[in-house]
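> Here is the input, now give the coordinates:
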Amino acid sequence: MITFDNILPVLTKIFLAFKDEIATMSPVLVNRDLNGRIRLIIDEKWEDSGHQKATLTLITTKIFQELGAHAYPPEQSLLFEPDCQGFLEREFSFPLEGISDVFVLDRLAVEGNWSHISPLSSSAPRTVFFSIKGGVGRSTALAATAWALAEQGKTVLVLDLDLESPGLSSALLPKDRRPLFGITDWLVEDLVNNGDTVLQNMVAQSALSHNGEILVVPAHGINPGEYIAKLGRVWMPKMDSKGKRESWAERLRRLLDTLENLWQPDVILIDSRAGIDEVASACITGLSASTILLFALDGDQTWEGYRMLFRHWHKTNVVRDIRERLQIVGAMIPEVGSFDYFESLREQAWNLFSEELYDEVPAGEIAENTLWSYDQADESAPHYPWIVNWHGSFAVLQSIHGRLQHIDPEKVENIFGHLITGIKLSIDSDGASL
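Model (predicted):
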């Protein structure tokens with residue numbers, strides 16, 4: 001039985017059998033459409049070439065025989081482009097494993113793209129707080145980190161991009177300080193070239209810090225208005241007067257760049273939506289973050305979720321562009337049995353990274369500078385968890401504003417200190433490299 005997961009392995013086998021012939025027609029593009037059906041895109045100069053056309057007929061016939069419902073009939077399976085190389089350069093693609101002349105164009109029904117990794121920002125360091133599942137204290141940890149960095153005199157710009165479950169702004173801002181508008185308002189207004197009307201009224205300063213500043217950009221303003229209706233439009237791409245298309249993730253990056261230019265923060269903290277969806281993909285791969293925190297509970301759901309994501313990066317050939325930005329965070333380490341829990345968490349994280357991300361080091365050899373690999377006990381390794389301890393007083397996000405106003409800083413240090421130290425070091429490292 002052939003299913004979606006069989007498509008790429010079957011294509012690899014078929015194209016390997018025709019590897020020499022395919023090399024003469026490079027590049028060959030595999031278009032996997034929204035329904036998961038395969039067509040080939042070929043440069044039009046081969047349309048009337050007898051030998052190459054015969055080879056293509058053999059290949060498309062074989063694809064149809066092997067893939068069945070996931071392929072078009074041979075007479076419908078070839079699309080000819082006048083400039084196939086230019087088409088390849090304009091569209092996102094990834095090479096078919098083991099074949100340098102064949103590239104896959106994956107058409108997706110959503111704007112999320114986990115395979116397009118934006119280059120690092122050259123200005124303020126950007127850190128994303130992400131988790132596969134919710135309820136791990138991610139937003140609470142971000143609020144505490146913002147407070148600690150501001151206490152050191154830094155100007156911290158915080159974005160609440162958990163658009164479908166907003167709440168971070170309530171942790172950092174009392175109601176009387178919340179701005180008129182938020183990120184959803186700008187994304188909707190920008191579609192009709194009206195974004196500038198809300199830009200100056202979507203950032204509010206938190207009163208939590210007395211040394212630096214915490215500038216909060218909420219998901220919505222003080223009056224959410226028609227939030228559900230607006231949320232259904234934020235994912236829309238934008239077309240300019242010349243017909244150029246800008247995806248919603250590109251619009252979001254433009255917003256962040258604009259806010260950074262306006263407010264000149266020292267550091268930017270981004271609260272991402274949990275799970276593998278459009279918002280998360282934009283936050284992790286599209287906003288030029290230098291540090292991506294992967295919050296983890298020690299359970300199968302966590303490790304299986306991250307493994308799927310890592311394997312996708314391998315499949316689409318971008319894993320080397322993203323892996324050095326990642327850092328595991330041990331979320332909500334329990335008070336009882338904390339040592340054993342941490343040891344298990346570290347072991348599972350190391351298994352994941354060593355199997356999916358680290359370069360393989362031959363037995364008996366030491367990793368050289370050209371290899372990206374770490375020992376399980378290496379505290380500088382990205383798999384080695386930065387700790388956030390469990391504490392009941394910080395279990396409810398809505399209470400953070402009051403807690404951070406009155407709590408002993410030593411308590412913040414005891415709960416979030418390891419995480420905050422790690423973030424400070426990464427920020428200092430990023431700043432030194434700019």
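> For residue 174, grab the count of nearby residues.
Residues lying near residue 174 (other CB atoms under 10 Å) number 14. (Glycine included, C-beta is placed from N, CA and C.)
> any idea how far residue 341 is from residue 383?
Distance of residue 383 to residue 341, given as CB to CB, to the nearest Å: 16 Å.
> neighbour count winner among the two?
residue 383 (25 against 18).
> surely the more buried one meets residue 352?
Yes. The pair residue 383 and residue 352 qualifies as a contact (CB atoms under 8 Å) at a distance of 7.0 Å.
> can you pull out the strands in the stretch 1-150 of the chain?
Assigned by DSSP state E, counting those that start in this stretch, the stretch 1-150 of the chain shows strands spanning 28-32, 38-43, 78-81, 94-95, 102-106, 126-131.
> possible to save those strands as a markdown table with mean neighbour count, mean pLDDT and distance to residue 280?
Below are these laid out as a markdown table (neighbours: other CB atoms under 10 Å; pLDDT from 0 to 100; distance: least, CB to CB, whole Å):
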| stretch | mean neighbour count | mean pLDDT | distance to residue 280 |
| --- | --- | --- | --- |
| strand 28-32 | 21 | 93 | 22 |
| strand 38-43 | 20 | 92 | 28 |
| strand 78-81 | 16 | 90 | 32 |
| strand 94-95 | 14 | 88 | 20 |
| strand 102-106 | 21 | 91 | 18 |
| strand 126-131 | 26 | 96 | 6 |
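> Make CSV from the ones you listed and add distance to residue 198 to it.
CSV is the format used below for the strands of the stretch 1-150 of the chain (distance: least, CB to CB, whole Å):
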stretch, distance to residue 198
strand 28-32, 38
strand 38-43, 41
strand 78-81, 41
strand 94-95, 37
strand 102-106, 34
strand 126-131, 22
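> In three-state terms, label the most centrally placed residue in the chain for me.
Centroid-nearest residue in the chain: residue 284, 2.2 Å away (criterion: CA atoms, centre = their mean). With DSSP: H, G, I helix; E, B strand; the rest coil as the basis, the three-state label of residue 284 is helix.
> contacting residues around it?
Taking CB atoms under 8 Å, 6 or more residues apart in numbering as the criterion, residue 284 is in contact with 114, 128, 130, 272, 292, 322.
> out of those, which one sits closest to residue 18?
Of all the contacts of residue 284, residue 18 sits closest to residue 114, with 30.0 Å by CB to CB.
> Which residues are in contact with that closest one?
Counted by CB under 8 Å, 6+ apart, residue 114 has contacts 276, 281, 284-285, 309, 312-313, 316.
> and if you look at residue 186?
195, 198-199, 202, 255.
> And those, which is closest to residue 65?
Residue 65 has its nearest neighbour among the contacts of residue 186 in residue 255, at 48.6 Å by CB to CB.
> got a pLDDT number for that closest one?
With respect to pLDDT, residue 255 has a value of 96.
> If I follow the layout properly, it ends up in contact with residue 183?
Yes. Between residue 255 and residue 183 there is a contact under CB under 8 Å: 7.2 Å.
> Residue 328 pairs with what?
Using DSSP bridges, the bridge partners assigned to residue 328 are residue 294.
> Please give me every residue in contact with it.
Residue 328 touches 294, 296, 349, 353, 382-386, counting by CB under 8 Å, 6+ apart.
> Between which two of these is the distance greatest?
Most distant of the contacts of residue 328, by CB to CB, are 353 and 386, 14.1 Å apart.
> remind me which residues of the chain are low pLDDT?
109-112, 363-369, 392-408, 431-434 (pLDDT under 70).
> longest helix anywhere in it?
Identified as the longest helix of the chain according to DSSP state H is helix 409-433.
> Report the angle between it and strand 126-131.
If you take axes from the mean of the first three to the mean of the last three CA atoms, to 10 degrees, helix 409-433 sits at 130 degrees to strand 126-131.
> what packs against helix 409-433?
In terms of contacts (3 or more CB pairs under 8 Å, 6 or more residues apart in numbering; DSSP states H and E), helix 409-433 is packed against strand 126-131, helix 138-151, strand 291-296, strand 326-333, strand 386-389.
> right, and the ones you listed - which one's nearest residue 248?
In terms of CB to CB, the element of the helices and strands packed on helix 409-433 nearest to residue 248 is strand 126-131, at 17.0 Å.
> For the closest one, C-alpha coordinates in CSV please.
The C-alpha trace of strand 126-131 is given here as CSV (Å, rounded to 0.1, in the frame of the first residue of the first chain):
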residue,chain,number,x,y,z
ARG,A,126,16.5,37.7,19.4
THR,A,127,15.5,34.8,21.6
VAL,A,128,12.4,32.6,20.9
PHE,A,129,10.7,30.7,23.7
PHE,A,130,9.1,27.6,22.2
SER,A,131,7.6,24.3,23.3
